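>>> this one's structure only:
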């Protein structure tokens, strides 16, 4: 059995945790929801490759290694 003082201390800790969680949840509503696919595509827009598609494919094949070795 716990003491009354211990019970009060635990309840105060729980109350503090609940207040922090409530504040965090309220902040979620303030940020606009970002579609994960859209966020990924936005990151890719800044990437450019000056190579021709054939050169990219050749680099991919050249970088492959055999797993039979």
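Arrived safely, thanks for sending. All of these numbers come straight from a predicted model, not from anything done at the bench.
>>> where does this structure have low pLDDT?
For the chain, applying pLDDT under 70 flags the ranges 30-33, 68-69.
>>> just the strands in it please.
Taking DSSP state E as the criterion, the chain carries no strands.
>>> measure the residue positioned nearest the centre of it to residue 42 for me?
Most central in the chain under Cα atoms, centre = their mean is residue 36, positioned 9.7 Å from the mean C-alpha point. Remark: distance between residue 36 and residue 42 (Cβ to Cβ, to the nearest Å) = 11 Å. Backbone N, C-alpha and C define where each C-beta goes, glycine included.
>>> Show me how far the helix ranked longest in the chain is from its chain's centre.
When the chain is parsed with DSSP state H, its longest helix is helix 4-30. Relative to its chain's centre, helix 4-30 lies at 24 Å (Cα atoms, centre = their mean, to the nearest Å).
>>> Which other helices and strands does that helix contact?
Judged by 3 or more Cβ pairs under 8 Å, 6 or more residues apart in numbering; DSSP states H and E, helix 4-30 is in contact with no other helix or strand.
>>> residues of it that come out buried?
Buried residues in helix 4-30, counted by 16 or more other Cβ atoms under 10 Å: none are found.
>>> start the count at 883, not 1, going forward
Done: numbering now begins at 883, and the last item shifts to helix 886-912.
>>> Please report how far residue 899 lies from residue 906.
Applying Cβ to Cβ, the value for residue 899 to residue 906 is 11 Å.
>>> Overlap of the contact sets of those two?
Here residue 899 and residue 906 have no joint contacts, going by Cβ atoms under 8 Å, 6 or more residues apart in numbering.
>>> how far away is residue 907 from residue 936?
Distance, residue 907 to residue 936, by Cβ to Cβ: 52 Å.
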